[in-house]
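Undergrad: Got a predicted model here, sequence first, then my questions.
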Amino acid sequence: MTEAPFTPDEQEVSGAALVSHMWQYALTVLYPSLALKELGLYTPPHIGVRPPRPLRPGLGPYYSQREPFPVLLEERPARYDLVEEFDRIAAEYERFTEPYSGPLFQEALKIMRPYLRPDARLIDTSCGAGTEALTLATLVPDGEVVAADLAAAMVQTTFEQSRRQGIANMAFFQADVARLPAHFSGRFDATFCSLAFHHYPEPAAAVSEFYRVLRPGGYTFVLDPGPEWYKRLSEWLAAWADPGWMGYHSGEEFQARFQAAGFSQFYWEELLPGIGLVVAMK
């Protein structure tokens, strides 16, 4: 028996509860922990060792020179119901999530930057409203960022943001992370997924796609909640309030998935309490 979908009023209530939780967690856990980390008083746990940095030049721009406008799917994809709510809130999304996602992304960048050559070509597989993808594009001025998302309104919002900010080294695709375009094979130096992996209904397929679209020696970065204690603390709320939520993954679970997909090296670090970063090398 399937549960009835939320009414609009129920969606408003659950959404407000989720935003309240994220802001409260940011204020009471993330920002204090960030201060302790900067003082050397918080040592995050990790799994494995960080992969070596890239030795070869990046792949440079390609899609941004060929696709000046968003490339949208011709037909409604399967399970689009999981992202319909993100279409509805695309214009306001970053305003509500940035207090939570902002410090996490900045901590992730501290680890990611040495792997991002100026001429690297990246794909953000769940770009949302584009904040992270736009920032990444400024870090690869001689390369490019492909901003992808299943939610069409998110892709359009990211495109509009890039034009307002004058960022030209980007391309925009509506795409299912478990079924990325065939012509993406081996086309990227790195893939990036920020606070979205827990929405993927086919996580093994998504990791396999990360592997497929990377060039040999390329890197995948996944920023997402995951330690076991955080899963126990938060899954009940996420299951109720987070549209399209599927499940969190611990560092050990990520490790098993990436090794099964064929990645040669795996590293995971808890950036701040409850949220970690995967760095995997093809």
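TA: Alright, I've got the coordinates.
Undergrad: Got phi/psi on the residue nearest to A90 when sequence neighbours are not counted?
TA: Nearest residue to A90 in three dimensions, chain neighbours excluded: A153, at 3.9 Å (Cβ to Cβ, 6 or more residues apart in numbering). In this view, the C-beta of every residue, glycine as well, is placed from N, C-alpha and C. Here is the backbone geometry of A153 (degrees, to the nearest 10): phi -70, psi -30.
Undergrad: what's the distance between A153 and L36?
TA: Going from A153 to L36 by Cβ to Cβ, to the nearest Å gives 38 Å.
Undergrad: And for L223?
TA: From L223 to L36 the distance is 20 Å (Cβ to Cβ).
Undergrad: okay, these two: which has more neighbours?
TA: For L223 versus L36, neighbours defined as other Cβ atoms under 10 Å are more numerous around L223 (25 against 14).
Undergrad: Could you pull out the buried residues of the lengthiest helix in the chain?
TA: Ranked by number of residues, the top helix in the chain under DSSP state H is helix 93-112. Neighbour-count burial for helix 93-112 flags 93-94, 96-97, 99-105, 107-109, 111-112 (criterion: 16 or more other Cβ atoms under 10 Å).
Undergrad: Low-confidence regions, the stretch 1-150 of the chain specifically.
TA: Counting by pLDDT under 70, the stretch 1-150 of the chain contains low-confidence ranges at 1-15.
Undergrad: where along it do the helices fall?
TA: Listed in chain order, the helices of the stretch 1-150 of the chain (DSSP state H, counting those that start in this stretch) span 8-25, 31-38, 63-66, 84-88, 93-112, 131-139.
Undergrad: thinking again about what came up before, for the buried residues of helix 93-112, name the two members farthest from one another.
TA: Farthest pair in the buried residues of helix 93-112 (Cβ to Cβ) is F96 and I111. Separation: 25.9 Å.
Undergrad: I'd assumed G130 was in contact with T158.
TA: Yes - in this structure T158 lies within contact range of G130 using Cβ atoms under 8 Å: 3.1 Å.
Undergrad: what touches both of the two?
TA: Counting by Cβ atoms under 8 Å, 6 or more residues apart in numbering, the shared contacts of T158 and G130 are A147.
Undergrad: Who has more neighbours out of those two?
TA: Taking other Cβ under 10 Å, T158 and G130 do not tie; G130 has more neighbours (30 against 27).
Undergrad: Contacts only, for V155.
TA: P70, L72, C127, A147, A148, D149, F172, F173, Q174.
Undergrad: for the third one, what are its contacts?
TA: The neighbours of C127, taking Cβ under 8 Å, 6+ apart as the test, are A133, A147, A148, D149, M154, V155, T158.
Undergrad: Just give the number of residues close to the closest residue to N169 other than its chain neighbours.
TA: Spatially, and ignoring its direct neighbours in sequence, N169 is nearest to E144 (4.4 Å; Cβ to Cβ, 6+ apart). E144 sits with 27 neighbouring residues when counted by other Cβ under 10 Å.
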